[in-house]
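Participant: no sequence for this one, just the structure:
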């Protein structure tokens, strides 16, 4: 039987495989997070009809060396490679949609198996757990119950599903610190008052109005302060031992030599006793209008979670009806030394293989891992122009191999006809 017949059959087979890959790429041109594949060919092996001979010396009577005489016996698939180049980002209006901009994969729990995906079309289930479209839980880090903060070390051992329960409650918090900022006029006359209103919260989250009055004293760079309220049931008093005056340095900065403290106590029927610390370190005294006001008051009433968003590191911030923002968790990103070695599991999932390397799971934007793009989805990286070009080349290769089979069959027919 003619060797060309078998070579052409192998050519048909490999070009069919290539066409299968191209067809799959085109079919997934609009699949979120899809990574295109390519096929490479290689020669199977060659039959050696004559081996190579070594050349002799420069004598005119001797023969030179000869190359080997070999006939190739077909083609086979060398590799089917996955192109992990990032696709373009498509903005969406869904707050739970995210994309990895750069290298890396989201980590999901698929039953007892950990899998990886580039598809960030997430949503919360009935329990508020962040999941993908088929209910696989998205893994990351949650707040430490003891500290109320994310873990300092983002290790793989601390991974867990992330819960974002819209409508969940934030407890009220009593005010205990008021940070003041801006300026007191250094040119104000002695006895000049500067009243500033401030709202504080009790243990049940109810707001109370108070006024802090700054008064310029005759002593250089010195102001007194006093707190009062117009609420009949609220009693405020300066705590014993609090520094009675505010003293400023010659350059106008606040002088906290000796670490003086400024505390106020308050009582109101039906709630726990209040205790406020006033922080004046950001207040200055320079020439100009007195503009001092509270920069931040840490108390707040109760509220419910209304929405959330992701930042570039995957940290999830929740926005509550009381105007407060709270960190809810952080999604993890995994990177691999050889992403092309990952094994496709279907449904846009990958699993670790012997040649992918171990998963390097950590915070987005660190150690080569890509950043998180909120309200975005990654589009397929299929290049249709490239796929159609490869389709034409593959078609011509298939046609050429089929022609080889036709001609080889005709030659065999001529051989069979010799018996006549």
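Facilitator: Perfect, I can see it now. Because the structure is a prediction, the values reported are computed rather than measured.

Participant: next one, pLDDT for the residue nearest to residue 30 when sequence neighbours are not counted please.
Facilitator: Counting by CB to CB, 6 or more residues apart in numbering, residue 380 is the residue found nearest to residue 30 once chain neighbours are left out, at 6.2 Å. Yep, even glycine has a C-beta here, placed from its N, CA and C like the rest. On pLDDT, residue 380 comes in at 96.

Participant: quick check: residue 380 vs residue 262, distance?
Facilitator: Noted for residue 380: a distance of 61 Å to residue 262, by CB to CB, to the nearest Å.

Participant: okay, these two: which has more neighbours?
Facilitator: residue 262 (21 against 18; other CB atoms under 10 Å).

Participant: correct me, but that one touches residue 281?
Facilitator: No. Under the criterion of CB atoms under 8 Å, residue 262 makes no contact with residue 281, lying 10.3 Å away.

Participant: tell me the domain boundaries of the protein?
Facilitator: Structural domains annotated on the chain: 3-47+70-84+381-419, 92-168+304-377, 177-300, as defined by automatic domain parsing.

Participant: can I get these in JSON lines with distance to residue 56?
Facilitator: Formatted as JSON lines, the domains of the chain follow (distance: least, CB to CB, whole Å):
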{"stretch": "domain 3-47+70-84+381-419", "distance to residue 56": "23"}
{"stretch": "domain 92-168+304-377", "distance to residue 56": "47"}
{"stretch": "domain 177-300", "distance to residue 56": "94"}
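
Participant: can you report how many residues lie near the nearest residue to residue 154 once chain neighbours are set aside?
Facilitator: Closest residue in space to residue 154, ignoring its immediate chain neighbours: residue 363 at 4.8 Å, by CB to CB, 6+ apart. Residues within reach of residue 363, counting by other CB under 10 Å, total 19.

Participant: tell me the phi and psi of residue 363?
Facilitator: phi -80, psi 140 (degrees, to the nearest 10).

Participant: dump the residue contacts of it.
Facilitator: Residue 363 makes contacts with 154, 313, 314, 330, 332, 333, 369, as judged by CB atoms under 8 Å, 6 or more residues apart in numbering.

Participant: try 10 Å this time
Facilitator: 140-141, 150, 154, 313-315, 330-333, 369, 372 (CB atoms under 10 Å, 6 or more residues apart in numbering).

Participant: just put these in TSV and tack on neighbour count.
Facilitator: Shown next, in TSV, are the contacts of residue 363 (neighbours: other CB atoms under 10 Å):
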residue	neighbour count
140	26
141	21
150	19
154	20
313	16
314	25
315	19
330	23
331	24
332	27
333	29
369	23
372	27
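
Participant: state the pair within these that is farthest apart.
Facilitator: 150 and 369 (16.5 Å; CB to CB).

Participant: find the helix or strand that residue 18 is a member of.
Facilitator: helix 3-27 (DSSP states H and E).

Participant: what's the mean pLDDT across that helix?
Facilitator: Averaging pLDDT along helix 3-27 yields 94.

Participant: same question for stretch 71-82.
Facilitator: In the prediction, stretch 71-82 has an average pLDDT of 92.

Participant: and for stretch 290-309?
Facilitator: On average, stretch 290-309 scores 93.

Participant: determine how far it lies from the middle of the whole chain.
Facilitator: Averaging C-alpha positions (CA atoms, centre = their mean, to the nearest Å) puts stretch 290-309 27 Å from its chain's average.

Participant: I'd like to know how many residues surround residue 264.
Facilitator: 21.

Participant: buried set for the helix or strand containing it?
Facilitator: Secondary structure assigned from DSSP H and E places residue 264 in strand 263-267. Residues of strand 263-267 classed as buried by neighbour count (16 or more other CB atoms under 10 Å): 263, 264, 266.

Participant: for the second one, which residues are in contact?
Facilitator: Shown here is residue 264, whose contacts under the criterion CB under 10 Å, 6+ apart are 178, 200, 210, 212, 225-227, 236-239, 242, 274-278.

Participant: again with residue 13
Facilitator: Each residue near residue 13 by CB under 10 Å, 6+ apart is listed here: 74, 75, 76, 77, 401.

Participant: the fourth one: how many residues sit nearby?
Facilitator: The reference is to residue 77. 16.

Participant: going forward, count from 8.
Facilitator: Got it, the first residue is 8 from now on, which makes the last one we talked about residue 84.

Participant: for the stretch 58-207 of the chain, which segments count as strands?
Facilitator: Remark: strands assigned in the stretch 58-207 of the chain by DSSP state E, counting those that start in this stretch are 76-79, 82-89, 96-98, 105-108, 112-117, 120-124, 130-131, 137-138, 144-148, 167-168, 176-177, 184-192, 200-208.

Participant: list the buried residues in the helix or strand of the chain with the lowest mean pLDDT.
Facilitator: Every helix and strand of the chain was ranked by mean pLDDT, DSSP states H and E. The lowest is strand 53-57, at a mean of 83. Within strand 53-57, no residue is scored as buried using 16+ other CB under 10 Å.

Participant: tilt between it and helix 10-34?
Facilitator: Using axes from the mean of the first three to the mean of the last three CA atoms, to 10 degrees, the direction of strand 53-57 lies 150 degrees away from that of helix 10-34.

Participant: helices or strands up against strand 53-57?
Facilitator: strand 76-79 (3 or more CB pairs under 10 Å, 6 or more residues apart in numbering; DSSP states H and E).

Participant: tell me which other helices or strands the strand it packs on touches.
Facilitator: Partner elements for strand 76-79 (3+ CB pairs under 10 Å, 6+ apart): helix 10-34, strand 53-57.

Participant: make TSV out of the ones you listed and add distance to residue 132.
Facilitator: As requested, the helices and strands packed on strand 76-79 are exported to TSV (distance: least, CB to CB, whole Å):
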stretch	distance to residue 132
helix 10-34	29
strand 53-57	59
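
Participant: so of the ones you listed, which one's packed in deepest?
Facilitator: With neighbours taken as mean count of other CB atoms under 10 Å, these reach their highest mean count in helix 10-34, at a mean of 18.
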